[in-house]
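*Asks:* sequence plus the predicted model coming up.
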Amino acid sequence: MAALPTLTLRPGAVTLADLRRIQGGGVLLALDPAACDDIDAARAVVDDIVARDTVVYGVNTGFGKLAQTKIAAGRAAELQRNLVRSHATGVGVPLTDSVVRLVLAAKAVSLARGHSGVRGGLVDALLALANARVLPRIPSQGSVGASGDLAPLAHLAAVLIGEGEAMVGGTTVSGADGLRRAGLAPFVLGPKEGLALLNGTQVSTALALAALFDAEKVFAAALVAGALSLEAIRGSVKPLDARIHAARGQRGQVAVAAGLRDILAGSGIVESHAQCGRVQDPYSIRCIPQVMGACLDNLAHAARVLEIEANAASDNPLVFAASGEVLSGGNFHAEPVAFAADALALAIAEIGAISERRIALLIDASLSGLPPFLVADGGINSGFMIAHVTAASLASENKSLAHPASVDSLPTSANQEDHVSMATFAARRLAAMIDNTATIVGIEAMAAAQGIDFLRPLASSPAIEREHAAVRARVAFLAEDRFLAHDIEAMRAWALGDDWPAPIAAMLPSRGDDARLRS
């Protein structure tokens, strides 16, 4: 087997393209050696505090509401170990391997910023676990997104001290066994190290990043499905005129209109009805740039926030080696991540909502000009009638899931932590929404391909014909009623694919070059 390429992580400069590769698992991770000096300088500040027996939160005190309790130097290791044990209270199904890889990488990058005061060996161990495919088993529930993702990150930290559980090739092993498989010995955590591991927004950020990358795929699929639908109903391309979108000036809208013009260029179907006198199509066709452009803008905003957060020093307190100070703040509060996740939820829900409306348009013979429910011999055959019902049910479900999680807050830790972000749930619920929308978009593409087949021998553009062929490679033309559940599943997988026309792929915020990926 060929060796995997190595991706060098430069704390503060890790890109979305880097993070997408980490999620995919096809790289080994290494830390930029230039970060070592910053890590060591921050650790020296902590060591000096311990030597001088200065009282500093998180170094030699209790935590949260117990921050006023000073801890004797001889019990420092016990303090950090008990912190990990007491906070490992997560519940629910474990996070996926791809999300845990992102968590490990983001935690390593955060600690390597040189504001956490940990030993360099801890950072190396996080990357060693990722490279050995020994992934801490992290329950998905139990975090309110401030004071960091405490419970889930405690499950990560538990493995480093030889406790908890890890996943190796889909099998659950003990944390101690996982460390051995990665060639590591259990850590005895020093002052502040347990707190640095537990504080931080890495779990909510990793969940949101994974959702962003999948939401981009569904966004691209929905643009392709929308173009297929436009062709199937012989819709007008005049609303894609660049002048219309320049007059408004919204960047996402301009980009979507341009992408659609590119992939529809050279369509014989468009040419066939150039003089048909059709004035206005329904909004689900005519306003694709306006709706999907707004969704793209939300994706882009979330991408910017999450790229920053993946590079952030988000534990507490923070060490500033240049001045020798240790400052308590609140970078663990995940409100930026919660807002970004809620913005993604709006986009994901709307992508599905407008796609469902286009399915309804396609099956309505009075609007589409196609056979009722896209099938011959209607009455005997129901065609896409109930496939649309499935899409409608999922679109409705997404409306409830899209309710902003960030507007909720429950105080914890005896009211010391009296406002929290709920970022972890905000990000975690996105996976279900994406699956729903991928299914809706897959059904639309299948229905639109059926509609185009009713227009033969007319042909669309080369780009759209390639996409039509990709649909047909997965599902056959519906000549008569058949068991559709497998077809729908195949098209859901299509919508979560990664092979889209270049003008569409170029819009996606996480796309980047491979210049920093080397073998």
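*Replies:* Sure thing, it's come through. Numbers count the residues shown, from 1 in each chain.
*Asks:* how about His419: what's its closest non-neighbour residue?
*Replies:* Excluding the flanking residues, the one nearest His419 by CB to CB, 6 or more residues apart in numbering is Ser409, at 5.1 Å. For the C-beta atoms, the positions are set from N, CA and C on the backbone; glycine is no exception.
*Asks:* for that neighbour, which three-state class applies?
*Replies:* Following DSSP: H, G, I helix; E, B strand; the rest coil, Ser409 is assigned to coil.
*Asks:* residues contacting it?
*Replies:* Taking CB atoms under 8 Å, 6 or more residues apart in numbering, we find Ser409 in contact with 419-422.
*Asks:* point out where the stretch 251-400 of the chain drops to low pLDDT.
*Replies:* Low-confidence segments of the stretch 251-400 of the chain (pLDDT under 70): 277, 279.
*Asks:* in it, which spans are strands?
*Replies:* Under the criterion DSSP state E, counting those that start in this stretch, the stretch 251-400 of the chain contains strands at 318-320, 325-327.
*Asks:* and for the chain?
*Replies:* 6-9, 28-31, 91-94, 134-136, 139-141, 165-168, 171-174, 318-320, 325-327, 517-518 (DSSP state E).
*Asks:* of those, flag the one that's most buried.
*Replies:* Mean neighbour count, computed with mean count of other CB atoms under 10 Å, is highest for strand 134-136 among the strands of the chain, reaching a mean of 25.
*Asks:* packing partners of that strand?
*Replies:* Packing contacts for strand 134-136, counted by 3 or more CB pairs under 8 Å, 6 or more residues apart in numbering; DSSP states H and E, involve helix 97-111, helix 150-160, strand 165-168, helix 175-181.
*Asks:* work out the gap between it and the centre of the chain.
*Replies:* 20 Å (CA atoms, centre = their mean, to the nearest Å).
*Asks:* select, out of the strands of the stretch 251-400 of the chain, the one closest to Val475.
*Replies:* Counting by CB to CB, Val475 lies closest to strand 318-320 out of the strands of the stretch 251-400 of the chain; the figure is 53.9 Å.
*Asks:* who's in contact with that closest one?
*Replies:* When contacts are defined by CB under 8 Å, 6+ apart, strand 318-320 is touched by residues 42, 45-46, 114-117, 325-327, 329, 331.
*Asks:* hang on, the earlier thing: and the strands of the stretch 251-400 of the chain: which comes nearest Trp494?
*Replies:* Nearest to Trp494, of all the strands of the stretch 251-400 of the chain, is strand 318-320, at 45.6 Å by CB to CB.
*Asks:* what's the local residue count around Arg357?
*Replies:* When neighbours are counted by other CB atoms under 10 Å, Arg357 registers 20.
*Asks:* which residues does it contact?
*Replies:* Arg357 sits next to 282-284 when contact means CB under 8 Å, 6+ apart.
*Asks:* can you tell me which of those has the most neighbours?
*Replies:* Result: Ser284 is most packed of the contacts of Arg357 (other CB under 10 Å), 23 neighbours.
*Asks:* give me the pLDDT value at Val91.
*Replies:* If you check Val91, the pLDDT there is 98.
*Asks:* next: Ala157.
*Replies:* 98.
*Asks:* I'd like to know how many residues surround it.
*Replies:* Ala157, neighbours per other CB under 10 Å, totals 30.
*Asks:* next one: Val99
*Replies:* Neighbours around Val99, by other CB under 10 Å: 24.
*Asks:* quick one: the longest helix that the chain contains to helix 150-160, angle?
*Replies:* Using DSSP state H to define each element, the chain has its longest helix at helix 202-232. Per axes from the mean of the first three to the mean of the last three CA atoms, to 10 degrees, the angle that helix 202-232 makes with helix 150-160 is 110 degrees.
*Asks:* quick check: angle from helix 202-232 to helix 97-111?
*Replies:* With the same axes, to 10 degrees defining the directions, helix 202-232 sits at 130 degrees from helix 97-111.
*Asks:* and the strands of the stretch 251-400 of the chain: which comes nearest Arg472?
*Replies:* Among these, strand 318-320 comes nearest to Arg472, with 56.1 Å by CB to CB.
*Asks:* circling back: buried set for the longest helix of the chain?
*Replies:* The neighbour-count check on helix 202-232 (16 or more other CB atoms under 10 Å) flags 202-232 as buried.
*Asks:* dump the strands of the stretch 251-400 of the chain to JSON lines, plus distance to Ala77.
*Replies:* What follows is the strands of the stretch 251-400 of the chain, written out as JSON lines (distance: least, CB to CB, whole Å):
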{"stretch": "strand 318-320", "distance to Ala77": "19"}
{"stretch": "strand 325-327", "distance to Ala77": "19"}
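*Asks:* now do stretch 446-456: distance to the chain's middle.
*Replies:* 32 Å.
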